[in-house]
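Engineer: my questions concern the predicted model and sequence given below.
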Amino acid sequence: MSFIVAIDGPAAAGKGTISKVVARHFGFVHLDTGLLYRAVGLKMLDGTDAISAAKALGATDLDADGLRTPEVAQAASKVAVIPDVRTALVDFQRSFAQHSNGAVLDGRDIGTVICPDADIKLFITASPEVRASRRFAELTASGHDTTPDQVLADVKARDARDSQRDVAPLKPAADAVLIDTSDMSIEAAVEAAITAVQHKR
Ligand code: C5P
């Protein structure tokens, strides 16, 4: 049986870093499930029907260039409201979770829909302002031309779309451990996550 760590939360709360470090620490594989929706979003921007793109998605699509741009993030959250897109991506995520060494999956609905029986569920959050300022720093460091106001507006638009959709909305599972990273260093947040996982090992 695989040991499954489900990590959910809104954009730029620290999920990505926490997931990578937790996976490395415990020797688990890691899947950033946002990449699946980004890959479908990118194909939609290129003119492919989103449902067909989701049905045909394979592991190599997750290495495509351009998945980390703000435009693709918005496209991802638009295709993510389509029930058939979500359904088409379920098997890939559940198969990944069955990795015998243990698996960390991070996203929006891992603890609620994809792996409701996960061994440990974490919900990583932070205020929209803190998340936007982190994302602004990342985007400018990687050469994107944007403004703090634009990034905050994008974060809020995605939060609204992700938490108000009918299917698999962003919300903590009833049994998730909440970690609010607004006033935490990334090291402290990682430490809190490792401690929570360790308790269930
Ligand atoms: O995590 P990331 O910012 O890469 O996710 C991009 C978008 O993909 C999210 O805004 C959300 O709409 C969607 N997503 C989702 N369910 C997941 C992971 C991501 O709906 N498990």
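Structural biologist: Looks like it came in fine. Everything numeric here is computed off the predicted structure, so don't read it as measured data. Residues are numbered from 1 along each chain as shown.

Engineer: the residue located most distally from the centre of the chain: which element?
Structural biologist: Using CA atoms, centre = their mean, the residue of the chain lying farthest from its centre is residue 47. It sits 24.1 Å away. Element membership for residue 47 (DSSP states H and E) is empty, with no helix or strand holding it.

Engineer: could you measure from it over to residue 53?
Structural biologist: 10 Å (CB to CB, to the nearest Å). The C-beta positions use only the backbone N, C-alpha and C, and glycine is treated the same way.

Engineer: how about residue 105?
Structural biologist: Look at residue 105 and residue 53: by CB to CB, they are 21 Å apart.

Engineer: how about the contacts made by the spatially most central residue of the chain?
Structural biologist: Nearest to the mean C-alpha position of the chain, by CA atoms, centre = their mean, lies residue 107 at 2.8 Å. Residues near residue 107 by CB atoms under 8 Å, 6 or more residues apart in numbering: 7-8, 32-34, 93, 114.

Engineer: what is the burial count for the nearest residue to residue 120 once chain neighbours are set aside?
Structural biologist: Leaving aside its sequence neighbours, residue 120 sits nearest to residue 200 (CB to CB, 6 or more residues apart in numbering; 4.4 Å). For residue 200, the neighbour count with other CB atoms under 10 Å is 12.

Engineer: residue 143 too?
Structural biologist: As a measure of burial, residue 143 has 6 neighbours, counting by other CB under 10 Å.

Engineer: just to revisit the earlier point, which members of the contacts of residue 107 additionally contact the ligand?
Structural biologist: When contact is defined as CB under 6 Å from any ligand atom, these meet the ligand at 33-34.

Engineer: among the contacts of residue 107, who's most crowded?
Structural biologist: Most surrounded of the contacts of residue 107: other CB under 10 Å gives residue 7, at 31 neighbours.

Engineer: residues contacting the residue nearest to it when sequence neighbours are not counted?
Structural biologist: Nearest non-adjacent residue to residue 7, counting by CB to CB, 6+ apart: residue 106, 4.0 Å away. Applying CB under 8 Å, 6+ apart to residue 106 gives the contacts 6-9, 15-16, 18-19, 30-34.

Engineer: so residue 106 sits in a helix?
Structural biologist: No: applying DSSP: H, G, I helix; E, B strand; the rest coil, one finds residue 106 to be strand, outside a helix.

Engineer: picking up where we left off before, pLDDT at the residue nearest to the centre of the chain, what is it?
Structural biologist: The model reports residue 107 with a pLDDT of 98.

Engineer: how about the residues of this protein near the ligand?
Structural biologist: Counting by CB under 6 Å from any ligand atom, the chain sits next to the ligand at 11, 33-34, 37-38, 73, 76-77, 80, 107-110, 158, 162.
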